Structures are given as structure tokens and as C-alpha cells.
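Enquirer: Give me a model of this one.
(2 chains)
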Amino acid sequence: MASIKEQFEVPSKLKTWSYALIGIGALALLAGFFKSGMSKDEHEQAIFIGTVMYNTIFWTLVCNASMFFICITTLAMGGWQQSFRRVPEAISTMVPIFGSITLAVLLYVAFAGKHQIYHWLDTDAVNNDPILKGKSGFLNLKFFVFWTTLAIGLWSLLGYRMRILSSEADKGAFDNVSGAKFIFQNTVRASMFIAWFGLTVGSTIPWLWMMSITPHWYSTMYSWYTFMSSFVSGMSLIALWVVYLKNKGYLEYTNQEHLHDLGKFMFAFSIFWTYLWFSQYMLIWYANIPEETVYFKTRVQGAYKGIFFFNLIINFLCPLLILMKRDAKRNYTLITFMGVLILFGHWIDFYQMVMGSISKDHVTLGWLDFGVLSLFVGLMILFVAKGLASKPLIAKYHPFLKESIIHHT
Amino acid sequence: MAKKKFVVGCFDDEDLLFPAVRKVRTVGYKIHDIYTPFPVHGLDHAMGLRETSLHTAGFIYGITGTTTALSCISWILTKDWPLNIGGKPHFALPAWIPITFELTVLFAAVGMVLTFCYLCQLAPFVKKHRFHLRATDDLFVMVIECTDKTNTDDLKSFLSNAGAVETELQIAEADWWVGSYDKDEVPFENTNEIAA
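Expert: Down below sits the predicted model:
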């Protein structure tokens, strides 16, 4: 115990890199703001807002997926993740930060009545449209603002309560009674988070934030699909941070066995994502009802055709073929490569989900998208590193830690 | 059918088994197999067994299933007997994916089960010698194959020193045979004593 490195110190190189990324991102954001955001053309404006929107939603949901991972393994009484549990914990500290950016962007869109993004904000249009009128109980300004604020607020609060409880395991050894009480408290707080997560990420929030950009169209698969996109990216992000810390000589108790399990999550949920992708696509393709095919019209036959199928290749075929072998999931280099690829692939997925509806006729992917992405990646790296440094990397006295140390797949 | 000479060492503790395996391998005895009441993690590595190629076989079976499904359906529905189904094109790939998936899984599953049975020499009526019945209950049974030059008494005491609670010499069939246990072998040498 005495010889392990418990305290993460943020390397200056990492700080430099994240500042550089934030700098590039901020420049791109400003340039985009002056070029498109200030534009008189409402379509140009919508492209700028949409670009910021899908980036911030993507990173909020990805970081929130880390807390989901902690809670779900806690509820399953899992022990194997204990040796690197502080990594997803540190990633989940990003939820309040990215969450407030998302909240600001979405509230701006809602209150400024940006009907190029959310058509249902236009009350005249809604009154003359029986379909939108029928949905107005769910798609209206008050509910949108209320539910968005509540969702982000409670993700942050319930996640914070999980992290606070985790610090108890640094203070001193548990006996049988206090250990059992600690585990029980963990399950209670985790189930509170999961319940709220199910009501938001698992159902309403993707409908509200992203599906409502095409308000006439609906798919009950949509939320699960979005959730899986963010979950598999979240697992990749955790794996990337674990590999980074291993490279720096931290996380002595984490080894190939844990990496193998993370790799399994990346592999399995890439396939589950494809299952949902296909279920959503095939039913709509088969029924061929105009009000349902409208979503796929621009994506399969329109300008987004290339991105749409490229998305399927890097999010399904690559993980399927590359991560299939046992050795691949235990290989630090391959897991790093696949982690970056999956994150990029699902970022592209979010891109086509949002921008395919805002800018239907031409693909807008360009310097602005990558600039804003670099801003978010820079923020993520900086604050996750700070989150890691704020606590010991190992919860020394956690009752399940031994199970993680001797973990064997 | 070839009978061979084996020395059987029984361990009652997993923690004694691993060092024993290491000692036996360093000295150079040939481990025939180890029979355990439950799967023991890491024992295959300790014994130096190579990684199974069952999953490679599974991948090949799966690919075969995919190819069979896609080529069969596409030939039937575009060349042999084209049908107009709901105005869809004859080459209606999305509609075939579920069947392709099912056939991939079916081929992979059935193929792997059969391959597994073949590799483990498992089949109805196929019998193999049971070295110790308590291997299915509470003993870890290590079986060491002897050559003509092996000093069995040395080996027995070596196993006892390594922590075996019970050691015995057996001359037994090393391969499988078709038959039944109650006719071919007496499960307990001392059946009469137990009955009495």
C-alpha cells in the first residue's frame, strides 16, 4: 500500500495542450460567431447555434454516462471497477460545467424563439398545424425550460452526492457494520441517479433537445439510440483516461484484466448501438410512411448520405472487426486507437442527428465544427485532470477494492 | 486402445494446487490433465496450455452463415423467383438483415458446440477414464503421465511433499472408448467393503 502513487499531479505538458486546444477552440468560436452567429441570414445563424448545440449536448451526455457507469456497477454490486473508479468520477465532475453551457445555449435558443432550430417555438405555426398542436403538451416553452433545467440540475446534484460518498472510503477502514452501511448508502444514491437518468437520458431529454428539431417526426427508439451513442463514447473516454494514467505510471492496481472489461463494454455497446440504429431504420424503411421517412430522406438520399454511412462503418464495422479478438481488447495501443475512433464516430453521429435537420441541403462539417470540438476537448482534458488531482486515485478503504485487485477475466 | 501408467495426486486446496503445478512443471513431469470441481481461473496459464482456437472456428462458422444467408436470399429473390413485396425493390437488403443475423448466430452457435464436443471428445456413449470421482465434488485431481523410466514412488512422494492429500498409481486407458462405465470398470475398488 505504501509504495503506490495515490496522488495524481497534473503534468505541465497536459496543461499546455489543453490550453492550446481551448485557445484554438475559442478563436474558432469567435470567428464563427462573427461570421455566422452575427449574420443577418437566419439560416447561417441557425448553423452556428446548431454547431455549438450538438457539441455541448454530446459532451454533457458523454460525461454524464460516466456517472451512469458508476451507478450501474454500484447497483450490480460490481467490484472490478474499484481500482480505477476515480477516473469516471473525475469525468463526471464535468457534468455541472458542460451542463451549464448546454443550459445556457438551450435557454438562449428557447427564449430568443429560434424557430429555425425548434420549429415548435413558433406559436403561429403551431396553432395552424394539427400535428404540432397535438404535441404542444410536451413541446412547449415552459415545459422545455423547466425539464431542461431540472434534468441538468439533478444530474449534477445526484452525481455530486455519489462523489461525496465515495470520499468516505479515503478516511479510514470500515468494520463489518459500517462497511455494509456504506455499501447500502451507495446503492440508495446510485438508484436515485439511475431513476432520474431513466426519466431523462433514457427517454425524454433526447426527444426534447434533439428529436424536436424535426418536430413532425418521431421515433420511440431515438432516446435509447442517443443514450447508447453517449454511453459507448463514455466508456471509450474512461478507457482513454485509464490508458493515459497507466502510461504516466499511476493506477498500479489496474491491469489488462480491467482494460479487457472496458474493451468488452466498448465492443458490446457498439453492437447494441447498431442494433438500435437498425431497428429504427428498418421499421421506417419497411412501412415507408412519408411522415416517418422524412427524417431519413435527407440522410440516406440527400446531402448527408456519405456521413450517414461513414458513421455506420466507423461505429459498427470497425469496433466489430477490430475489437472482436481477445488480444485486441487487452492491447493498450489498440484500445487507445479504438477509443479515439469511437468518440469521433459518435461525435459525427450527433453531428448528423442535429445538423442533418437544421441544414438539410448541404453538409456544414468544417473548421467551425472541429474548432468547437477542440474547445470542448480542451475543457474536458483540463477539468478532468483537475478532478483527478483533487482526490486520491484509489479509494483505499473501499470494501470491494480487493475484488478489483485480484480481478481476472 | 492403449493403456498408460498415471500417477494421480489429489489436492484439497486451490492455494496448494498452483505452487504444485509450478513445481511439477519445473521438475519436468508431464501433466496429463487436472480435474477440478469448478473452473479455476488462471489454471490454464499455470499449466501452460495454449489459447483455444475455438473462437477462430466460431468466427469462420459465423462468416459462413452470413454468406449462406445473403447469397441464398439474394439469388432466390432477385434471380430465381422475384416477387413484388409491398413495392420494395427486389434487392431489399434491410429486410434481409434479421435473417442474415439469425443464420450467422445459428451457424456460429451450432458449429461451436459441435467443435467444442469434438475438441473435448464428448459424445453420447463415448466414455473416458475417471481418475477420481471426488474431482466432481471437492478434490483437485492432478494426473501425471508416466513413461517407462519414471520412478513412480519418487513421483508419489514428490506430490505428497507438494501438498497432495492422496496419491495413487493407476494404469488406465488414456483415450476414449464407446461403452458404459458399469460394465467396463468398477467405480470403487472397495465396493464390497462399503456395502458391508
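
Enquirer: Next to chain A in this structure, residues from chain B, please.
Expert: B:His41, B:Gly42, B:Glu51, B:His55, B:Phe59, B:Gly86, B:Gly87, B:Lys88, B:Pro94, B:Ala95, B:Ile97, B:Pro98 (Cβ under 8 Å from any Cβ of the partner chain). All C-beta spots, glycine's among them, are computed from the backbone N, C-alpha and C.

Enquirer: Domain map for chain B?
Expert: What automatic domain parsing lists as the domains of chain B is B:3-49+B:124-195, B:54-120.

Enquirer: Tell me who's in contact with the residue in the stretch 301-409 of chain A positioned nearest to chain B.
Expert: For the stretch 301-409 of chain A and chain B, the shortest gap (Cβ to the nearest Cβ) falls at A:His408, measuring 4.5 Å. Residues in contact with A:His408 (Cβ atoms under 8 Å, 6 or more residues apart in numbering or on different chains) are A:Glu257, B:His41, B:Gly42.

Enquirer: sec struct for the second one, please.
Expert: B:His41 carries the three-state label coil when classified by DSSP: H, G, I helix; E, B strand; the rest coil.

Enquirer: confidence score at it?
Expert: As predicted, B:His41 sits at a pLDDT of 86.

Enquirer: Can you list the buried residues in the helix or strand containing A:Tyr19?
Expert: Using DSSP states H and E, A:Tyr19 sits in helix A:12-32. Within helix A:12-32, the residues that count as buried by 16 or more other Cβ atoms under 10 Å in any protein chain shown are A:Ser18, A:Leu21, A:Ile22, A:Ile24, A:Gly25, A:Ala28, A:Leu29, A:Gly32.

Enquirer: In this structure the first one contacts A:Phe376, no?
Expert: Okay, so that is A:Ser18. No. Judged on Cβ atoms under 8 Å, A:Ser18 makes no contact with A:Phe376 at a distance of 11.1 Å.

Enquirer: so what's A:Phe278 closest to, chain neighbours aside?
Expert: B:Ile97 (6.3 Å; Cβ to Cβ, 6 or more residues apart in numbering or on different chains).

Enquirer: Out of the contacts of A:His408, grab the one that's most surrounded.
Expert: The most crowded member of the contacts of A:His408 is A:Glu257, carrying 16 neighbours; neighbours defined as other Cβ atoms under 10 Å in any protein chain shown.

Enquirer: Please state the offset of the helix or strand that contains A:Lys386 from the chain centre?
Expert: If you go by DSSP H and E, A:Lys386 is part of helix A:367-389. Here the centre of helix A:367-389 is set off from its chain's centre by 13 Å, with Cα atoms, centre = their mean, to the nearest Å.

Enquirer: can you give me the mean pLDDT across the longest helix along chain B?
Expert: Longest helix of chain B, by residue count under DSSP state H: helix B:93-120. Mean pLDDT, helix B:93-120: 95.

Enquirer: Any idea how far it is from the middle of the chain?
Expert: With Cα atoms, centre = their mean, you get 20 Å for helix B:93-120.

Enquirer: and if you look at stretch A:355-372?
Expert: Put simply, stretch A:355-372 sits 19 Å off its chain's centre (Cα atoms, centre = their mean).

Enquirer: what's the span of that stretch, first residue to last?
Expert: 14 Å (Cα to Cα, to the nearest Å).

Enquirer: show me the contacts for the residue sitting nearest the centre point of chain B.
Expert: By Cα atoms, centre = their mean, chain B has its centre lying nearest to B:Cys120, at 3.6 Å. The contact partners of B:Cys120, taken as Cβ under 8 Å, 6+ apart, number zero.

Enquirer: let's go with 10 Å and repeat that
Expert: B:Cys120 makes contact with B:Lys128, B:Trp176 under the criterion Cβ atoms under 10 Å, 6 or more residues apart in numbering or on different chains.

Enquirer: which intervals of chain B have sub-threshold pLDDT?
Expert: B:1, B:182-196 (pLDDT under 70).

Enquirer: Name the nearest residue to residue 96, ignoring sequence neighbours.
Expert: Going with chain A. That would be A:Ser156: by Cβ to Cβ, 6+ apart, it lies 4.1 Å from A:Pro96.

Enquirer: my question was about chain B
Expert: Per Cβ to Cβ, 6+ apart, closest to B:Trp96 is B:Ile73, 5.0 Å.

Enquirer: What of A:Leu107?
Expert: Per Cβ to Cβ, 6+ apart, closest to A:Leu107 is A:Val145, 6.4 Å.

Enquirer: do A:Glu252 as well
Expert: Residue nearest to A:Glu252 in three dimensions, not counting chain neighbours: A:Ile4, with 4.8 Å by Cβ to Cβ, 6+ apart.

Enquirer: Same check on B:Val110?
Expert: B:Tyr61 (7.8 Å).

Enquirer: element containing the one you found, please.
Expert: Counting by DSSP H and E, B:Tyr61 is found in helix B:54-74.

Enquirer: same question, A:Met235
Expert: Per DSSP H and E: helix A:222-247 holds A:Met235.

Enquirer: near chain B, which residues of the stretch 151-300 of chain A show up?
Expert: A:Glu257, A:Tyr275, A:Phe278, A:Ser279, A:Tyr281, A:Met282, A:Leu283, A:Ile284, A:Trp285, A:Tyr286, A:Ala287, A:Asn288 (Cβ under 10 Å from any Cβ of the partner chain).

Enquirer: pLDDT and secondary structure added to the residues you listed, as TSV?
Expert: Compiled in TSV, these are given as follows (pLDDT from 0 to 100; DSSP: H, G, I helix; E, B strand; the rest coil):
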residue	pLDDT	secondary structure
A:Glu257	92	helix
A:Tyr275	95	helix
A:Phe278	95	helix
A:Ser279	94	helix
A:Tyr281	94	helix
A:Met282	93	helix
A:Leu283	93	helix
A:Ile284	93	helix
A:Trp285	92	helix
A:Tyr286	91	helix
A:Ala287	90	helix
A:Asn288	89	coil
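
Enquirer: can you state the direction angle for the helix holding A:Tyr19 and helix A:222-247?
Expert: 140 degrees (axes from the mean of the first three to the mean of the last three Cα atoms, to 10 degrees).

Enquirer: tell me which residues in the next helix or strand after helix A:12-32 are buried?
Expert: Using DSSP H and E, the helix or strand that follows helix A:12-32 towards the C-terminus is helix A:42-75. Of the residues in helix A:42-75, A:44-74 count as buried by neighbour count, 16+ other Cβ under 10 Å.

Enquirer: and what of stretch B:110-128?
Expert: B:Gly111, B:Met112, B:Thr115, B:Lys127.

Enquirer: Tell me the one among these nearest to A:Lys264.
Expert: B:Met112 (18.5 Å; Cβ to Cβ).

Enquirer: B:Trp75: neighbour count?
Expert: Counted with other Cβ under 10 Å, B:Trp75 comes out at 11.

Enquirer: The helix holding A:Lys386 vs helix A:42-75, what angle?
Expert: 30 degrees.

Enquirer: Which elements pack onto helix A:367-389?
Expert: Helices and strands touching helix A:367-389, as assessed by 3 or more Cβ pairs under 10 Å, 6 or more residues apart in numbering or on different chains; DSSP states H and E, comprise helix A:12-32, helix A:42-75, helix A:86-92, helix A:94-111, helix A:222-247, helix A:332-358.

Enquirer: mind checking how far the nearest residue to A:Tyr351 once chain neighbours are set aside is from A:Pro96?
Expert: The shortest distance from A:Tyr351 to any non-neighbouring residue, by Cβ to Cβ, 6+ apart, is to A:Tyr54 (5.9 Å). When distance is defined by Cβ to Cβ, to the nearest Å, A:Tyr54 is 20 Å away from A:Pro96.

Enquirer: which stretches of chain B form helices?
Expert: Using DSSP H, helices in chain B cover B:14-27, B:43-47, B:54-74, B:93-120, B:152-161, B:181-184, B:191-195.

Enquirer: could those helices be laid out in JSON lines, adding distance to A:Lys248?
Expert: Below are the helices of chain B laid out as JSON lines (distance: least, Cβ to Cβ, whole Å):
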{"stretch": "helix B:14-27", "distance to A:Lys248": "33"}
{"stretch": "helix B:43-47", "distance to A:Lys248": "28"}
{"stretch": "helix B:54-74", "distance to A:Lys248": "33"}
{"stretch": "helix B:93-120", "distance to A:Lys248": "40"}
{"stretch": "helix B:152-161", "distance to A:Lys248": "45"}
{"stretch": "helix B:181-184", "distance to A:Lys248": "59"}
{"stretch": "helix B:191-195", "distance to A:Lys248": "64"}
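
Enquirer: Since that was my last question, I'll sign off now.
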